[in-house]
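Trainee: based on what follows, work out the 3D shape:
(chains A and B)
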Amino acid sequence: MSNNSQRPLSPHLTIWKWGWHMTVSILHRISGAGLAVVGLAILAWWLAAIAGGDEAYAGFSDRAKSWYGVVVLVGLTWAFWQHFFSGLRHLVLDTGAGYELRVNRFWAVMTLVGAAVATVITWAALTGYLSAIVAGGGQ
Amino acid sequence: MSRGESATPLAKVRGLGSAEHGGGHWLEERFTSVALVFLSLWLVFSLVMLPNLEIATLKEWLGSAWGAVPMALFVITAFKHGLDGLKVVVDDYVHDEGTRVGLHFALAMVAIAGAAVALFALAKIAFGAN
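Mentor: Below you'll find the predicted structure:
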């Protein structure tokens, strides 16, 4: 195809209104890239540390439990759940469903809510707070 | 020039540019995403359900087939899906073809090397003498 520089550009490119689907769309890309680069590197490091024995695993564990380790791991947990729920939404959108404005906005917002809630629950479970709450509530 | 319903499939796509391997790549990314729905949930639930995350516990877990086999599947599928996703990001922002192909190659090398390290570590844990 030859490019014709004389053709007019679309006049709509600078006229748009912000919507939740835009935020969710770019978060899907950011969380996906974060999981692929940082998440998979840590996964490989973690498995290698387990295979390496006590000393190697202690090195991994100390960094994971440091304040910056916790920031990265909580960030990855959020990125995972955001990408997970947003990915499920994309699989539905791929079938051609869910493009009505209200339906689309509702599920875009729900991926954000779901990811925040799931991140809190995951860390409550990992740190033992969840079982403490469940045990306390069951008495 | 508009073409109606009577146009042949070829006439409908002519002039829209090359499809290259886009269709297959798009579909593969979906296949791995569906597999990862199950594999990633398995990983999160396993980590949460383990009594602790000490090395002895993890070695016992990954030393059994119930730990090692899903973990191997997760490693392979996650690295494949991550590579596919990063390639799309490169395609969107890098317009020079030489740079794009070079980045695709570099990403593939890093992904394959990363997956190899993870799988070797997993094999060592699963088949290790200790």
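Trainee: per-residue pLDDT, residue 67?
Mentor: Chain wasn't specified; assuming chain A. Confidence at A:W67, expressed as pLDDT, is 95.
Trainee: sorry, should have said chain B
Mentor: B:G67 is given a pLDDT of 96.
Trainee: where does the closest residue to chain B within chain A sit: helix, strand or coil?
Mentor: Distance from chain B to each residue of chain A (CB to the nearest CB) is smallest for A:A36, at 3.3 Å. C-beta here means a position set from N, CA and C on the backbone, and glycine is covered the same way. Put simply, A:A36 is helix when judged by DSSP: H, G, I helix; E, B strand; the rest coil.
Trainee: which ones are touching the closest residue to it other than its chain neighbours?
Mentor: Using CB to CB, 6 or more residues apart in numbering or on different chains and skipping residues adjacent in sequence, the residue nearest A:A36 is B:G82, 3.3 Å away. B:G82 is in contact with A:32, A:35-37, A:39-40, B:111, counting by CB atoms under 8 Å, 6 or more residues apart in numbering or on different chains.
Trainee: host element of B:G82?
Mentor: Taking DSSP states H and E as the criterion, B:G82 maps to helix B:65-93.
Trainee: centre of the chain to that helix, how far?
Mentor: Centroid displacement of helix B:65-93 relative to its chain, using CA atoms, centre = their mean, to the nearest Å, is 2 Å.
Trainee: which of the contacts of B:G82 count as buried?
Mentor: A:32, A:35-36, A:39-40, B:111 (16 or more other CB atoms under 10 Å in any protein chain shown).
Trainee: as TSV, those with distance to B:A7 and pLDDT would be great.
Mentor: What follows is the buried ones among the contacts of B:G82, written out as TSV (distance: CB to CB, whole Å; pLDDT from 0 to 100):
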residue	distance to B:A7	pLDDT
A:G32	37	98
A:L35	42	98
A:A36	40	98
A:G39	46	98
A:L40	45	98
B:A111	41	98
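Trainee: determine the longest helix present in chain A.
Mentor: helix A:67-94 (DSSP state H).
Trainee: check which helices and strands that helix sits against.
Mentor: Contacts defined by 3 or more CB pairs under 8 Å, 6 or more residues apart in numbering or on different chains; DSSP states H and E place helix A:67-94 against helix A:20-34, helix A:40-52, helix A:54-65, helix A:101-126, helix B:22-49.
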